[in-house]
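# Predicted model follows, preceded by the sequence.
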Amino acid sequence: MQTEHRRDTLLQALADPAYQQCLQGCLNDDSLRDRIAALRHQLQMKRFVVPVYGIQGTGKSTFLNALLFKTPTLPVDADETTCVPVEVTYAASPKPVARIHFSDGRVQEVGATEGELKPFVHNEDNPGNQLGVSRIVIESDAAILQRGLVLVDLPGVGSLTKSNFETTSKYIAEASGVLFMLRTVPPITRQESVFIAGNWARLPTALFVQNRWTDESDDEANAGREHNVGVLQSIARQCRVPVEGAPEVHLVNAFHAQKARLTDDLAGLSRSGIEEVRDVLREASDRWPQLLVGNVLQTVRQDLSAALQSAEERLASLSQSHADVRAKAAEEQRRFEEYFADLTRRSCGARVDLAKFADENLGLITDWAQKTRASLRNTMRTKMRAGIVDGPRLERALRDEQITTLDDIYATIEERMLSRRDDISSHFEGVKSWRMHKPSTFRTVSRDEATKFENVASAVGSAGLGVGGGLAGAWAAVQIGAAIGTAAGPVGTAVGAVIGGVVGGLLGAWLGGKAKQGATHLRAKAATDEVFGAIDEFVSATEAELEAMSQRLTRQLEDAVDVWMRAQQDRYESERRERLGVLELSKTEREAAMAETRQLLGELARWNAKLEGGAHGAGH
């Protein structure tokens, strides 16, 4: 069966009130409605969004011009662009215009040329995005965009400001992949490492492209790539990014690619390396719809299987004697008490680790604050003695030093948080959600493939798992529940969601924090005391921000585990009430309940057969 046919079958099921009523009648799951809505939304997505990131000056715009346009379209000659995402979408007959979307809802069309886009994207023309541009949309007939791939040219890492960080975060929330542009000289910097780690760990598809300049030799380019691969391997280990072997870094010369594109030089295009990247993007784009539908199918299978088993168990209970029902309830109570005692022990172990982690973070942050105060004072004293004493120059110097020290501490904290994700989740390794009934012999489509909860959560809950997603505490577990079912999925998924959200907030603060807004205003002839006061203010504010974030992470992780454990208790109590409720039914009521349950089983079996046919049909 073709992917589109399978998508249609799933949408038909999820939109059918009778199907939803059947599931709800068997599962009694409060999160079911939200989960179905989330899955329907995912299936209806037509865009495979891939933001293009890199430090300012890596050649992102030149690369995209060569990849997507027959003539130069995206501005490439700015020293610094404002934070205005430029989105490139597919059109068979693209209009030669760019649609400028403003934050107040206005839309303006201009020619899709470097010259006409310059007033909106160049910092010298639109400083700090004072025009309020939220995004720019340009059409292209490039074949790689036909299956829904949308490439987004984002401003250089480090040029984002707090006021427009949310705009960029929206693309992260919607993204299904990410393309990182790297350089040969210098190779991956500390600042880039922070950004790569913060995004790579959240997005299932990551592509690394190293742009070489025309004056770089083959030996220099290959040496730079080797170094970058090593840095990426280190990031993958620290952040628990699942990578088989060494990460692949594609070497391209964007300038030569664009020149070859303009002159229809096919041999030049091949030598530039850009066709290899195009092939990788095309493959990812072609595979994306199948993966998306597959992820949704896995969740639907899990729900359907659970509903079938629940209906079978209910039918068996209705057929049992009162003595058998009581005996079964007693057995289930014993099993649950053992299950929950194990959960409690595991939770205590996780809390001990969390407390230790919080203490270590506090010590790390306090040590950083003490050393940074002394270091910044010494550095700025030296610069002032060297003649940097006027207000604007001194402010720039102080701001540069602040940014450097922020990069280090934020990178360290981020790495620690990401590494803790699996450490905390490991306490619950092998723990499944509570199910009163044992696995049924009823054959469902779930038998051929286990549900990959993390994949589903990543796709359906991307807005929460992305940078700045803002997942917090109990809400985190509930939101992930909308994607996979809080009580159905493993607790480790909720833990990962919370850490992902907190790290996203950390990265947002790092990109748009106080140092990015500029140092405290200094007088034309600033005195040492004034500069030192500005340093103390900066360090104290950053120290408080980091401590609050560390404490918030600990609290939110504890909340997420508590929510998950309460969900297991609630499920057990609900199933127990249903089982014992059989004892209060008259013979007539039992017969009516059995007839109703058989009808539910018939409906569920019908949908099972339909989905099973879709899963095993041709054209996987």
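Yep, it's here.
# Residues contacting stretch 112-121, please?
71-78, 81-82, 84, 86, 95-98, 100, 110, 125-126, 131, 133, 136, 138-139 (CB atoms under 8 Å, 6 or more residues apart in numbering). To be clear about C-beta, it is placed using only N, CA and C from the backbone, and glycine gets the same treatment.
# can you tell me the helix or strand for the residue lying closest to Glu360 once chain neighbours are set aside?
Nearest residue to Glu360 in three dimensions, chain neighbours excluded: Arg416, at 7.9 Å (CB to CB, 6 or more residues apart in numbering). Applying DSSP states H and E as the criterion places Arg416 in helix 391-425.
# model confidence over the lengthiest helix in the chain, on average?
Longest among the helix segments of the chain by residue count, using DSSP state H, is helix 322-385. Regarding helix 322-385, the rounded mean pLDDT is 91.
# circling back to that earlier point, the helix holding Arg416 to helix 322-385, inter-axis angle?
Counting by axes from the mean of the first three to the mean of the last three CA atoms, to 10 degrees, helix 391-425 lies at 160 degrees to helix 322-385.
# What is the longest helix of the chain packed up against?
When contacts are defined as 3 or more CB pairs under 8 Å, 6 or more residues apart in numbering; DSSP states H and E, helix 322-385 packs onto helix 391-425, helix 528-581.
# Could you figure out how far the shortest one is turned away from helix 528-581?
Calculated by the same axes, to 10 degrees, helix 391-425 forms an angle of 30 degrees with helix 528-581.
# How far does the helix or strand hosting His101 sit from its chain's centre?
If you go by DSSP H and E, His101 is part of strand 97-102. A distance of 27 Å separates the centroid of the chain from that of strand 97-102, by CA atoms, centre = their mean, to the nearest Å.
# Packing partners of the helix or strand just after that strand?
Using DSSP H and E, the helix or strand that follows strand 97-102 in sequence is strand 107-111. Applying 3+ CB pairs under 8 Å, 6+ apart, one finds that strand 107-111 contacts strand 97-102, helix 114-121.
# repeat that for 7 Å
strand 97-102 (3 or more CB pairs under 7 Å, 6 or more residues apart in numbering; DSSP states H and E).
# avg pLDDT for the helix or strand encompassing Gln12?
Using DSSP H and E, Gln12 falls within helix 3-15. The pLDDT scores in helix 3-15 average 87.
# Which strands or helices does it pack on?
Counting by 3+ CB pairs under 7 Å, 6+ apart, helix 3-15 packs on helix 32-43, helix 274-319, helix 587-616.
# repeat that with 10 Å
Other elements packing on helix 3-15 under the criterion 3 or more CB pairs under 10 Å, 6 or more residues apart in numbering; DSSP states H and E are helix 17-27, helix 32-43, helix 274-319, helix 587-616.
# got the CA positions of the first one in CSV?
Provided in CSV are the C-alpha atoms of helix 17-27 (Å, rounded to 0.1, in the frame of the first residue of the first chain):
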residue,chain,number,x,y,z
PRO,A,17,-16.5,9.2,16.0
ALA,A,18,-17.4,5.5,16.2
TYR,A,19,-13.7,4.6,16.3
GLN,A,20,-13.0,7.1,19.1
GLN,A,21,-16.0,5.9,21.1
CYS,A,22,-14.9,2.3,20.8
LEU,A,23,-11.4,3.2,22.1
GLN,A,24,-12.7,5.4,24.9
GLY,A,25,-15.3,2.7,25.9
CYS,A,26,-12.4,0.2,26.3
LEU,A,27,-9.5,2.4,27.5
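# Just name the shakiest helix or strand of the protein by mean pLDDT.
Ranking every helix and strand in the chain by mean pLDDT, DSSP states H and E puts helix 462-465 at the bottom, with a mean of 31.
# measure the residue nearest to Ala358 when sequence neighbours are not counted to Val49 for me?
Spatial nearest neighbour of Ala358, excluding adjacent residues (CB to CB, 6+ apart): Thr554 at 4.7 Å. From Thr554 across to Val49, the span is 33 Å (CB to CB, to the nearest Å).
# out of those two, which sits in the busier spot?
Taking neighbours as other CB atoms under 10 Å, Thr554 and Val49 compare with Val49 leading, 22 against 18.
# so what strands line up beside the helix or strand containing that one?
Secondary structure from DSSP H and E places Val49 in strand 48-53. Partner strands for strand 48-53, per DSSP bridges, with pairing direction: strand 149-153 (parallel), strand 177-183 (parallel).
# That one vs helix 274-319, what angle?
Going by the same axes, to 10 degrees, strand 48-53 makes 130 degrees with helix 274-319.
# Quick one: mean pLDDT for strand 48-53?
Averaging pLDDT residue by residue across strand 48-53 gives 88.
# Quick check: what element follows that strand along the chain?
Next element after strand 48-53 (DSSP H and E): helix 60-68.
# Would you mind writing the CA trace of that next one as PDB?
Taking C-alpha atoms only, helix 60-68 is exported to PDB below (Å, rounded to 0.1, in the frame of the first residue of the first chain):
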ATOM      1  CA  LYS A  60      24.500  29.800   4.300                       C
ATOM      2  CA  SER A  61      22.800  32.200   1.800                       C
ATOM      3  CA  THR A  62      25.300  31.500  -0.900                       C
ATOM      4  CA  PHE A  63      24.800  27.700  -0.400                       C
ATOM      5  CA  LEU A  64      21.000  28.100  -0.600                       C
ATOM      6  CA  ASN A  65      21.200  30.300  -3.700                       C
ATOM      7  CA  ALA A  66      23.200  27.600  -5.500                       C
ATOM      8  CA  LEU A  67      20.900  24.800  -4.300                       C
ATOM      9  CA  LEU A  68      17.500  26.400  -5.000                       C
END
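# partners of the helix or strand that that helix is followed by, with directions?
Downstream of helix 60-68, the next assigned helix or strand under DSSP H and E is strand 86-90. Sheet pairing here is set by DSSP bridges, and for strand 86-90 it gives strand 133-140 (parallel), strand 149-153 (antiparallel).
# what's the closest of those to Asp536?
strand 133-140 (37.0 Å; CB to CB).
# before we move on, the earlier item: for the helix holding Arg416, which residues meet the burial criterion?
Buried positions in helix 391-425, judged by neighbour count with 16 or more other CB atoms under 10 Å: 394-395, 397-399, 401-402, 405-407, 409-418, 420-421, 424-425.
# can I get the helices and strands packed on helix 322-385 in a markdown table with distance to Ala13 and mean pLDDT?
Shown next, in a markdown table, are the helices and strands packed on helix 322-385 (distance: least, CB to CB, whole Å; pLDDT from 0 to 100):
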| stretch | distance to Ala13 | mean pLDDT |
| --- | --- | --- |
| helix 391-425 | 31 | 77 |
| helix 528-581 | 24 | 84 |
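# Kindly reformat the ones you listed as a markdown table containing distance to Ile274.
Below are those laid out as a markdown table (distance: least, CB to CB, whole Å):
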| stretch | distance to Ile274 |
| --- | --- |
| helix 391-425 | 31 |
| helix 528-581 | 40 |
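# out of the ones you listed, which comes closest to Ala18?
helix 528-581 (21.5 Å).
# Does anything pack onto the closest one? Which helices or strands?
helix 274-319, helix 322-385, helix 391-425, helix 473-484, helix 491-512, helix 514-517.
# Those helices into TSV, with extra columns for distance to Gly613?
Output for those, formatted as TSV (distance: least, CB to CB, whole Å):
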stretch	distance to Gly613
helix 274-319	12
helix 322-385	35
helix 391-425	36
helix 473-484	24
helix 491-512	30
helix 514-517	55
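# what's the residue lying closest to Leu318 once chain neighbours are set aside in contact with, if anything?
In this structure, Leu318 finds its nearest non-sequential neighbour in Met594, 4.8 Å apart by CB to CB, 6+ apart. The contact partners of Met594, taken as CB atoms under 10 Å, 6 or more residues apart in numbering, are 314-315, 317-319, 585.
# how about these, which pair is most distant?
Among the contacts of Met594, Leu315 and Leu585 lie farthest apart (CB to CB), at 13.4 Å.
# Looking at the helices and strands packed on helix 322-385, spot the one closest to Ala369.
Using CB to CB, these put helix 528-581 closest to Ala369, at 4.3 Å.
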